[in-house]
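1. compute the structure for the input listed below.
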Amino acid sequence: MSDPASEILQASGRRAQTKALNRQAILDAARRVFARLGFEATSIRDIIRDTGLASGTFYNYFQSKEAVFEALEDDGVRRFRPLLRARLDKSTTFEEMVHGSLLAYFRFVAEEHSEAGPLAGIALRHGTADTPETSAIFQEVRTAIETAVARGAAPPIDADYFTAGAIGMAREVCARMFLRLPHDIEGAADFCTRMLLGGAHYTASRG
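-> Numbers count the residues shown, from 1 in each chain. The predicted model follows:
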């Protein structure tokens, strides 16, 4: 005789697996369609058509294309965090920390979207959602800056403002970088580093 409890557990496991696969299918399709059509031109119908799933399935997971996009961005941020943490940990000077973090970010975005360049620009223009992952990135960078200031390795700057400025500049410069061919990753990182360090020293001197 079959065990009813075991059957229930197996059925529950299959449902969970199906849900995970469906959600991933929607995200994968959205990534392709956003890259092909652009964010504004993409409709939910376009995404559904690319998944091969029933139209009603989409709304079991997402309520809008904006929600799908936020999930895509959050996934990218989740995968970038270990790279950022490694860069922050190995930095010995404030300049290394700033430049290394920027370089890691620009390289990650370039590699992530090497075959879907338009998506990178879309992400940088629209990806401003305050999610747990983006909040964690902000906190990680701010803490690193606060530690550098406390050790005397960085000028006495407002870590909260500096973090916001650094992330905002990185997004905007990266978006412009993707409009240029070839993508000048090193140049973009160098430019942002000079701007941020120059601003940090100026702000500190103004006290």
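2. quick one: the helices in the protein?
-> 4-37, 44-51, 55-58, 65-90, 94-112, 117-126, 132-151, 159-177, 185-206 (DSSP state H).
3. how far out from the middle of the chain is the last one?
-> The reference is to helix 185-206. 22 Å (C-alpha atoms, centre = their mean, to the nearest Å).
4. neighbouring contacts of it?
-> By C-beta atoms under 8 Å, 6 or more residues apart in numbering, the residues outside helix 185-206 that reach it are 94-95, 98-99, 102-103, 106-107, 110, 154-158, 162, 165-166, 169-170, 173-174, 177. No exception for glycine: its C-beta is placed from N, CA and C like everyone else's.
5. let's see that with 10 Å instead.
-> Contacts to helix 185-206, defined as C-beta atoms under 10 Å, 6 or more residues apart in numbering, come from residues 94-107, 109-111, 145, 149, 154-158, 161-162, 165-166, 169-170, 172-174, 176-178, 180, 184.
6. from those residues, list just the buried residues.
-> In terms of neighbour count (16 or more other C-beta atoms under 10 Å), the buried residues within the contacts of helix 185-206 are 94, 97-106, 109-110, 145, 149, 154-155, 157-158, 162, 165-166, 169-170, 173-174, 177-178.
7. can I get the helices of the chain in a markdown table with mean pLDDT?
-> Formatted as a markdown table, the helices of the chain follow (pLDDT from 0 to 100):
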| stretch | mean pLDDT |
| --- | --- |
| helix 4-37 | 80 |
| helix 44-51 | 95 |
| helix 55-58 | 90 |
| helix 65-90 | 90 |
| helix 94-112 | 93 |
| helix 117-126 | 46 |
| helix 132-151 | 93 |
| helix 159-177 | 94 |
| helix 185-206 | 94 |
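8. how about the residue nearest to the spatial centre of the chain: what's its closest non-neighbour residue?
-> For the chain, the residue sitting closest to the mean C-alpha position, by C-alpha atoms, centre = their mean, is residue 77 at 3.4 Å. In space, not counting the residues next to it along the chain, residue 77 is nearest to residue 133; the distance is 4.2 Å by C-beta to C-beta, 6 or more residues apart in numbering.
9. from residue 65, how far out is the one you found?
-> Shown here: residue 133 relative to residue 65, a distance of 19 Å by C-beta to C-beta, to the nearest Å.
10. hang on, the earlier thing: check contacts around the residue nearest to residue 77.
-> When contacts are counted by C-beta under 10 Å, 6+ apart, residue 133 is found next to 70, 73-81.
11. ok, now with 7 Å
-> Applying C-beta atoms under 7 Å, 6 or more residues apart in numbering to residue 133 gives the contacts 74, 77-78.
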